[in-house]
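Peer 1: Here is a sequence with its predicted model. Questions after.
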Amino acid sequence: MLSKEDKRIFYDYMNGLALYKPSDKLNNINNLIKSFLNKTLTMFLYDGLPATIDYVELEKLLQIKGLAFITEYKENLVVLPIDLLFDEVDIYGNALKGNVYLNDIREVKTVNIDDGVLIKNDYLGIGLMEIFRKYAFLINESTTTLYLSNLWKRTEKVFTANDDGTAESVKNYLEKVKNGELGIITSSLLYESINVKAPQSIGTSLHDLIEYDNYIKSQFYNEIGLYHNNNMKRERLITSEVEIGMNSVYPLVDNMLSSRRKGLKVLNEKYNLNVEVEFTSSWELRFNLGENNSKLEGGEDENAGGNLESEDEKAGGNLESEE
């Protein structure tokens, strides 16, 4: 039997009125993971996929499970989750069979890997969930710390009262201050029974916590291939610093793109398709930005040299004409 408070929380949740609760760590971490997944599902753009294969379902399997199995089912190509079986392996220890789950008939079926095409999210088939869990936990802890630190910032002064009457007077005084009114204490006895203390400051400042929170988020975005500057001490970074930071974000996402292309190459050969995959959204901009920067730097040098040369020639021409 739900209590009155539990019922209120349930109805608020169903009506979309649930407030964020820092103490509900498990729910907050799960929501962060879903938020991460929503972002990374836009990482790749597929062209030429059969109509029976939804690219979102394909990406969900790859990023969550690390593996996806494409095979024929009821005369259509479909993508299925697969659990590899290592009872039979090849010379390199790769599984030759696996269990796939058929959602429509709720059955598990053992298939040969050669009956379809196995596509991996990365070379090891790990997926992104371990990265998501790690950073969701760290970001949630950092957010909770920031939340508590922000609350403590409201308590610049601590009032202590010796009796109930004095406590009630302090409440009225603070309420008036909150409402923008002037609070007045008329009794000297009341004034003497109130003690005001300033809390001792802790060693870590709010700015330090914000820097740490930004550092964690920048590390996460760098892991998934999005450059995020974690330097909050300076307004500008030199080109070499930016390039070093940009280079650190490439390895995993390049691994992911290579793994998909390798799997799609086998898929195209096996089923006579022409499926291609590229980066999209911010991940595509990452490469284009790097190429454009290189061209821009080269172009600026060439243009600068050309302008100087033309000015010299122009000046020379003017001198000759004057002579």
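Peer 2: Cool, got the structure.
Peer 1: Pull out the buried positions in stretch 84-98.
Peer 2: 84, 95, 97-98 (16 or more other CB atoms under 10 Å). Bear in mind the C-beta positions are built from the backbone N, C-alpha and C, glycine included.
Peer 1: Those residues in strands, which ones?
Peer 2: Applying DSSP state E to the buried residues of stretch 84-98, the entries found in strands are 84, 95, 97-98.
Peer 1: any chance of those residues in CSV, plus distance to residue 44 and pLDDT?
Peer 2: Compiled in CSV, those are given as follows (distance: CB to CB, whole Å; pLDDT from 0 to 100):
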residue, distance to residue 44, pLDDT
84, 23, 96
95, 25, 95
97, 28, 96
98, 23, 96
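Peer 1: Distance to residue 63 added to those residues, as TSV?
Peer 2: TSV is the format used below for those (distance: CB to CB, whole Å):
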residue	distance to residue 63
84	17
95	20
97	24
98	19
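Peer 1: circling back to that earlier point, what two of the buried residues of stretch 84-98 are the furthest from one another?
Peer 2: Greatest spacing in the buried residues of stretch 84-98, by CB to CB: 84 and 97 (7.7 Å).
Peer 1: what do those two both touch?
Peer 2: Common contact partners of residue 84 and residue 97 (CB atoms under 8 Å, 6 or more residues apart in numbering): none.
Peer 1: Could you point out which residue ranges in the protein have low pLDDT?
Peer 2: By pLDDT under 70, the weakly predicted segments of the chain are 1-2, 5, 8-18, 154-158, 178, 180, 182-204, 228-248, 281, 284-323.
Peer 1: So which residues of it form helices?
Peer 2: 4-14, 25-40, 55-65, 129-152, 164-178, 188-192, 206-223, 239-247, 250-271, 281-322 (DSSP state H).
Peer 1: what's the second one in contact with?
Peer 2: If you take CB under 8 Å, 6+ apart as the criterion, helix 25-40 is touched by 20-22, 59-60, 63-64, 128-129, 132-133, 135-137, 139-140, 143-144, 220, 224.
Peer 1: could I get it in CSV with only the CA atoms?
Peer 2: Provided in CSV are the C-alpha atoms of helix 25-40 (Å, rounded to 0.1, in the frame of the first residue of the first chain):
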residue,chain,number,x,y,z
LYS,A,25,21.8,8.5,-7.8
LEU,A,26,20.8,5.4,-9.7
ASN,A,27,18.0,7.1,-11.6
ASN,A,28,20.2,10.2,-12.3
ILE,A,29,23.0,8.0,-13.7
ASN,A,30,20.6,6.1,-15.9
ASN,A,31,19.3,9.3,-17.3
LEU,A,32,22.8,10.6,-18.0
ILE,A,33,23.6,7.3,-19.9
LYS,A,34,20.4,7.8,-22.0
SER,A,35,21.5,11.4,-22.7
PHE,A,36,24.9,10.2,-23.8
LEU,A,37,23.4,7.6,-26.0
ASN,A,38,21.0,10.1,-27.6
LYS,A,39,24.1,12.1,-28.6
THR,A,40,26.3,9.3,-29.9
